[in-house]
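Asks: following is a predicted model, sequence given first.
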Amino acid sequence: MIGEASSKCGEPTAIEKDGLNGKVEAINRALIKLCRVIAPAFRSVAGSYGQDPYGYTALTKPLPRLYDISRKLIELSPNKNEYHLYKTKFLRERNVLIDSLANANEIIEVTLELVK
C-alpha cells in the first residue's frame, strides 16, 4: 500500500525523507483513498463506474444500494422465487458495503503504521 514498494526496495519512504511533511502527505493520500472506497459503496447505487440518475430517491437514504431491494423484499412473499432472487441481490449489495468497510479499515491501519 502506501510507501510499501519503496520500503521493500531498501529506499527511504516519503515519510522518512520529509518527516512531518511526509506524514501529512501520507494522511492526505489515505483520505483520498478512503473517499474513493467509501463514497461509491455508501453514497451511490451505480457504483464506481456507473452514473446515478438525477433526483433518484434512493440516493437520499442512508444506504442507497439497499433501499430499493429492501422495499421489494418487504412487498414479496417469502414463498415466491422472486423473493429469493431479491434476497440474493440484497446479500451481494450488503457484501459490497462490508468489503468497502474492510478496505477502508486496511487503509487506515496502514496509514497509522506509517505516521507513527
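Replies: Nice, thanks for sending it over.
Asks: shaky segments in the chain?
Replies: Applying pLDDT under 70 to the chain picks out residues 1-18.
Asks: repeat that for 90
Replies: Along the chain, the parts satisfying pLDDT under 90 run over 1-22, 47-49, 52, 54-56, 116.
Asks: name the nearest residue to residue 93, ignoring sequence neighbours.
Replies: residue 65 (4.5 Å; C-beta to C-beta, 6 or more residues apart in numbering). All C-beta spots, glycine's among them, are computed from the backbone N, C-alpha and C.
Asks: so what's that neighbour up against?
Replies: With contact taken as C-beta atoms under 8 Å, 6 or more residues apart in numbering, residue 65 is in contact with 41, 42, 44, 45, 58, 93, 96, 97.
Asks: helices of the protein, residue ranges please.
Replies: Per DSSP state H, the chain carries helices over the ranges 4-8, 14-18, 20-42, 64-75, 81-114.
Asks: mind putting those helices in JSON lines, distance to residue 54 included?
Replies: Below are the helices of the chain laid out as JSON lines (distance: least, C-beta to C-beta, whole Å):
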{"stretch": "helix 4-8", "distance to residue 54": "40"}
{"stretch": "helix 14-18", "distance to residue 54": "40"}
{"stretch": "helix 20-42", "distance to residue 54": "17"}
{"stretch": "helix 64-75", "distance to residue 54": "14"}
{"stretch": "helix 81-114", "distance to residue 54": "21"}
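Asks: hmm, what's the outermost residue in this structure?
Replies: In the chain, the residue that sits farthest from the middle, by C-alpha atoms, centre = their mean, is residue 79; the gap is 33.5 Å.
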